[in-house]
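Asks: Could you work out the structure for the sequence below:
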Amino acid sequence: MDSAWWINSVIYELYVDRFAGNFAGLTDKLDYFTYLGINTIWLLPHYPSPLVDDGYDISDYRGIRPDLGSMDDFDRFIAAARSKGLKVIIDLVLNHTSDAHPWFVESRSSRDNPRRDWYLWSDNQNRFSGAFVHFADQKGSNWIYNEPTGDYYYASFYPQQPDLNWDNPDVRQAMFDVADYWLDKGVSGFRLDAVARLVKRDGTNCYALPETHEILKRLRAHVDAKYPGTVLLAETGGWPGEARTFFGSGDECHLVLNFPLAVELLSAVTTRDLSRVNAVWDQSGGIPDTCRWGVFLTNHDSVDLFFLSNEDQKRQLSAAGNPNFCLTAALSMPSLPKRSVSIPLLIKLIFSALKPRSTKCSWTAAEFTTIA
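Replies: Next up is the predicted model:
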C-alpha cells in the first residue's frame, strides 16, 4: 500500500442521494469518476439523521440512512470502488451528535444517568462565554435549556446538535471505536468535521486548544498503528496561520482545508486578479513535508465572504451569481460564471492536495478563459 497516496489525491465530494439517489446508484456510476481522473470519493454524511443540518446531526454512527440503501449496499459500493482503484473517505463528526442519538437521549433524561457526562452540562449559561455563537438567529447562547433536568446543555452549532464531552475517556474510546468500525469496512480515511473546538475551556475562545490537538495526535497515532495509510482531512476554518496548527508536526491531520484560499480563488474567477490568491498562498507555507493543503473552489460549505477583506470583491463575487454551485457542476462546467478558469486548471485547483513552495503560484491571468 502506498502510505502517502493522498499527497496526489484528486477528491470528488458528493451527497449520495443528490448525486445518484442511493448507494446502488452510486456504484453504477463509478466509471464516471475514473473517466474524470478522480482517485478519491468523499461521501458527505450517510448516517441515520433527522437532517436538521444536512446529515451532520448524526443519530447512529454505525448505520446507513434508510433512503440511501442498506449496509450491504454500502459494502458493495466500497468493494466496487476499490476494484476500480478508487479510495473512499467519509465524514466523521467528532464534535457533536444529534439530540436524537441514544447517547444524548439518555444523557438528558436525568442528572444521574450513566451517560450524563458524555455531554456538557451547566446550571447556567455563563461557561465558555468567549466561544463563537453560530446560528445566532436561532439561539442566543450556545447553552440550550433542557426541561427534563432543569439545566443547560452545550451546542456549538444548531440546538439539536449537542456537543460531546471530549474530556470523558469513555467518549474518546467510543469515537475511536466508530473510526475503527468504518475503517474495517474499507474506507480510506475521514474528513473530520468541525474539529477545531472539540475541547472547551473557560477564558478562551475554545478554538484550537492544546487539549484538542492532543486528541488529534491520539487519533492519528491510533489509525497509523491499526490502519496504515488512513488519511485525516481537517475542516477547521481560520486563516492559514491558524489552520496550519492542525497539521501538528506531521502527527495530526494529513490534509487541512484552506478556506481563505478557496474564497480568493473564487473571487479571482470573477475579478481576474490573482494578487490576493498569491497573498494567501504566501501565508500558507511552513507546513510539514508530509502534509498538504486541501485546495478547492467550492464545497458543500460554499464560500465564507468573511475571508474577503475588500468590499468591492464581495460585491463583485455576489454579482457574478450564486457561488453555491456543486462540484458536479464545477466539473461539467455549465453552471460556472462566464469568466472562469480553463478546465484543466479548474480541476487542479478544486481537488488537488497542495503544498506551498518557495515560488509564487504557477498560474497567471493568461490562463483565465471565457466559457461560451
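Asks: Low-confidence bits of the protein, can you list those?
Replies: For the chain, residues meeting the criterion pLDDT under 70 lie at 1-2, 298-372.
Asks: That one - how does it break down into domains?
Replies: Per the record, the chain has its domains at 5-96+169-370, 102-154, by automatic domain parsing.
Asks: Deepest in the core, which of these is it.
Replies: Sort the domains of the chain by mean neighbour count, taking mean count of other CB atoms under 10 Å, and domain 5-96+169-370 sits at the top with a mean of 18. Heads up, the C-betas are built off the backbone N, CA and C, glycines and all.
Asks: circling back to that earlier point, which one of the domains of the chain lies nearest to Gln160?
Replies: With CB to CB, the closest approach to Gln160 among the domains of the chain belongs to domain 5-96+169-370: 4.6 Å.
Asks: mind checking the SS state of the nearest residue to Leu51 once chain neighbours are set aside?
Replies: Excluding its sequence neighbours, the residue lying closest to Leu51 (CB to CB, 6 or more residues apart in numbering) is Asp57, at 7.2 Å. When classified by DSSP: H, G, I helix; E, B strand; the rest coil, Asp57 comes out as coil.
Asks: So Asp57 sits against Pro162, correct?
Replies: No: counting by CB atoms under 8 Å, Asp57 does not reach Pro162; the two are 9.5 Å apart.
Asks: CA atoms of stretch 53-70 as CSV?
Replies: Provided in CSV are the C-alpha atoms of stretch 53-70 (Å, rounded to 0.1, in the frame of the first residue of the first chain):
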residue,chain,number,x,y,z
ASP,A,53,-28.0,20.1,9.3
ASP,A,54,-27.8,18.1,6.1
GLY,A,55,-26.9,14.9,8.0
TYR,A,56,-24.2,16.5,10.2
ASP,A,57,-26.6,15.7,13.1
ILE,A,58,-26.0,12.0,13.4
SER,A,59,-28.3,9.7,15.4
ASP,A,60,-26.4,6.5,14.7
TYR,A,61,-22.7,6.4,13.9
ARG,A,62,-22.8,2.8,12.6
GLY,A,63,-25.8,2.9,10.3
ILE,A,64,-26.9,3.9,6.8
ARG,A,65,-29.7,6.4,6.3
PRO,A,66,-32.6,4.2,5.0
ASP,A,67,-33.2,6.2,1.9
LEU,A,68,-29.6,5.6,0.8
GLY,A,69,-29.9,1.8,1.0
SER,A,70,-28.6,-0.9,3.3
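Asks: Residues contacting it, please?
Replies: Applying CB atoms under 8 Å, 6 or more residues apart in numbering, the contact partners of stretch 53-70 are 15-17, 22-24, 44-51, 71, 73-74, 91, 93, 96-102, 157-158, 160-161, 178, 181, 193-194, 300.
Asks: same check, this time on stretch 18-28
Replies: 14, 16, 29, 46, 64, 67-69, 73-74, 76-77, 80-81, 326, 328.
Asks: Just flag the most distant two among those.
Replies: Maximum pairwise distance among the contacts of stretch 18-28 (CB to CB): 25.0 Å, between Arg76 and Cys326.
Asks: Surely Trp293 forms part of a helix?
Replies: No: Trp293 is assigned strand when assessed by three-state DSSP, not a helix.
Asks: Tell me who's in contact with the closest residue to it other than its chain neighbours.
Replies: Counting by CB to CB, 6+ apart, Asn258 is the residue found nearest to Trp293 once chain neighbours are left out, at 4.4 Å. Taking CB under 8 Å, 6+ apart, we find Asn258 in contact with Pro240, Ala243, Val280, Ser284, Trp293, Gly294, Val295.
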